[in-house]
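Asks: quick check, what structure comes out for this input:
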Amino acid sequence: MRGKGVVAGPAERADAARIALLATRCRLVLLEMIHRAGSGHAGSSLSCADIISVLKFDQMDWTPDPSAGDVFVLSKGHAAPAWYAALIVDGDLPAEDIGTLRALDSRLQGHPDRTRLDLVDVSTGALGQGLSVAVGRALGKRLHGRDSTVYCLLGDGECQEGQVWEAFMYAGAHRVPGLVAIIDHNGSQSDGAVDDILPLHPLPDKLRAFGWQVDEVDGHDHGALRDAFRRRATGGPSAIIAHTRKGRLGPGRVLMNGSHGDLPSAAEYAAAVDFLETLLEVGI
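Replies: Numbers count the residues shown, from 1 in each chain. Okay, the predicted model is just below:
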């Protein structure tokens, strides 16, 4: 069953409104980055913008120091603009960096590169490897007696990789604590629909059979995401299947019909900016 966020009172409503506005700002920034670069995965970045916003602005105890606080592994590294945008919106990166995405020698490469940007916890790009690294980081933190969490964001198409399932199997069998895998389940990958290429069903049952605690939520519902993160297991790994829409800008609006890697035209970009700026004006 897909969870739904429950807003309990004024404080929760205020937090939800704050995250929603920050997520909208992230969408504006990532789209500007991709537009100015003339390349980038807009659809895949937009689908996980809400997930990353809840993590960066609300749930993670994250610092640029990799030895302290939580760790974020963006296994679906082609969605790097969503992480860069969150860093810019949160003040970790200057706004001037918006125009440097994918530029030669830029800190903001098309996939996260820790050798260029120390605000990236793990270099990623080759799909299927991020969860294995996350398992290792979680085990390392346990060996050092650190009570922190490693979050790993995967794509659903990426979950067709065998290495992902080796990591799921190991983490479940060894009850690796402090590990949360979030699957951005937008139903689409580079070559088409996930269900047409290699279906994952029944994904929740498979993960539970491997020893993971599993939640299913609307990946654009900030309250549902917050609740799922708060329910994460303490004595083993947790998986959150976040159902999303590739290219989602906001309520009732999807960019380029959910295209995986196409670049928005000038008109599509301008219309998307107008829509997002209107959301900011009305506080959505």
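
Asks: so where do the strands sit in the protein?
Replies: 2-3, 71-74, 150-155, 179-185, 188-189, 192-193, 213-218, 238-243, 248-250, 253-254 (DSSP state E).

Asks: out of those strands, nearest to A80?
Replies: Closest approach to A80 among these (CB to CB): strand 71-74, 6.6 Å. Just so you know, the C-beta spots here come from the backbone N, C-alpha and C atoms, and that holds for glycine as well.

Asks: let's have the strands of the chain in JSON lines, adding mean pLDDT and mean neighbour count.
Replies: Listed next are those as JSON lines, based on pLDDT from 0 to 100; neighbours: other CB atoms under 10 Å:
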{"stretch": "strand 2-3", "mean pLDDT": "48", "mean neighbour count": "16"}
{"stretch": "strand 71-74", "mean pLDDT": "98", "mean neighbour count": "25"}
{"stretch": "strand 150-155", "mean pLDDT": "98", "mean neighbour count": "28"}
{"stretch": "strand 179-185", "mean pLDDT": "98", "mean neighbour count": "27"}
{"stretch": "strand 188-189", "mean pLDDT": "95", "mean neighbour count": "23"}
{"stretch": "strand 192-193", "mean pLDDT": "94", "mean neighbour count": "11"}
{"stretch": "strand 213-218", "mean pLDDT": "98", "mean neighbour count": "21"}
{"stretch": "strand 238-243", "mean pLDDT": "98", "mean neighbour count": "25"}
{"stretch": "strand 248-250", "mean pLDDT": "98", "mean neighbour count": "21"}
{"stretch": "strand 253-254", "mean pLDDT": "96", "mean neighbour count": "16"}
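
Asks: dump these into JSON lines; add distance to L87 as well.
Replies: As requested, the strands of the chain are arranged in JSON lines below (distance: least, CB to CB, whole Å):
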{"stretch": "strand 2-3", "distance to L87": "28"}
{"stretch": "strand 71-74", "distance to L87": "11"}
{"stretch": "strand 150-155", "distance to L87": "15"}
{"stretch": "strand 179-185", "distance to L87": "18"}
{"stretch": "strand 188-189", "distance to L87": "26"}
{"stretch": "strand 192-193", "distance to L87": "31"}
{"stretch": "strand 213-218", "distance to L87": "24"}
{"stretch": "strand 238-243", "distance to L87": "21"}
{"stretch": "strand 248-250", "distance to L87": "21"}
{"stretch": "strand 253-254", "distance to L87": "25"}
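
Asks: of all the ones you listed, which one is nearest A49?
Replies: strand 248-250 (7.9 Å).

Asks: gap between the closest one and the chain center?
Replies: 15 Å (CA atoms, centre = their mean, to the nearest Å).

Asks: just checking: what are the partner strands of that strand?
Replies: Paired with strand 248-250 in the same sheet, following DSSP bridges, are strand 253-254 (antiparallel).

Asks: and the strand it pairs with, how far from the chain's centre?
Replies: How far strand 253-254 lies from its chain's middle: 18 Å, per CA atoms, centre = their mean.

Asks: just stretch 131-144 next, same as before
Replies: That offset, for stretch 131-144, works out to 19 Å (CA atoms, centre = their mean).

Asks: same check on stretch 217-229?
Replies: Its chain's C-alpha centre and that of stretch 217-229 lie 12 Å apart, by CA atoms, centre = their mean.

Asks: only alpha carbons, please: show that stretch as PDB.
Replies: Taking Å, rounded to 0.1, in the frame of the first residue of the first chain, the C-alpha atoms of stretch 217-229 are listed here in PDB:
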ATOM      1  CA  VAL A 217       4.800   6.300  -1.000                       C
ATOM      2  CA  ASP A 218       3.900   9.000  -3.500                       C
ATOM      3  CA  GLY A 219       7.300  10.400  -4.200                       C
ATOM      4  CA  HIS A 220       5.900  13.900  -4.800                       C
ATOM      5  CA  ASP A 221       4.100  14.000  -1.400                       C
ATOM      6  CA  HIS A 222       6.500  15.600   1.000                       C
ATOM      7  CA  GLY A 223       4.500  14.500   4.100                       C
ATOM      8  CA  ALA A 224       4.400  10.900   2.900                       C
ATOM      9  CA  LEU A 225       8.200  11.000   2.300                       C
ATOM     10  CA  ARG A 226       8.900  12.500   5.700                       C
ATOM     11  CA  ASP A 227       6.800   9.800   7.400                       C
ATOM     12  CA  ALA A 228       8.500   7.000   5.500                       C
ATOM     13  CA  PHE A 229      12.000   8.300   6.400                       C
END
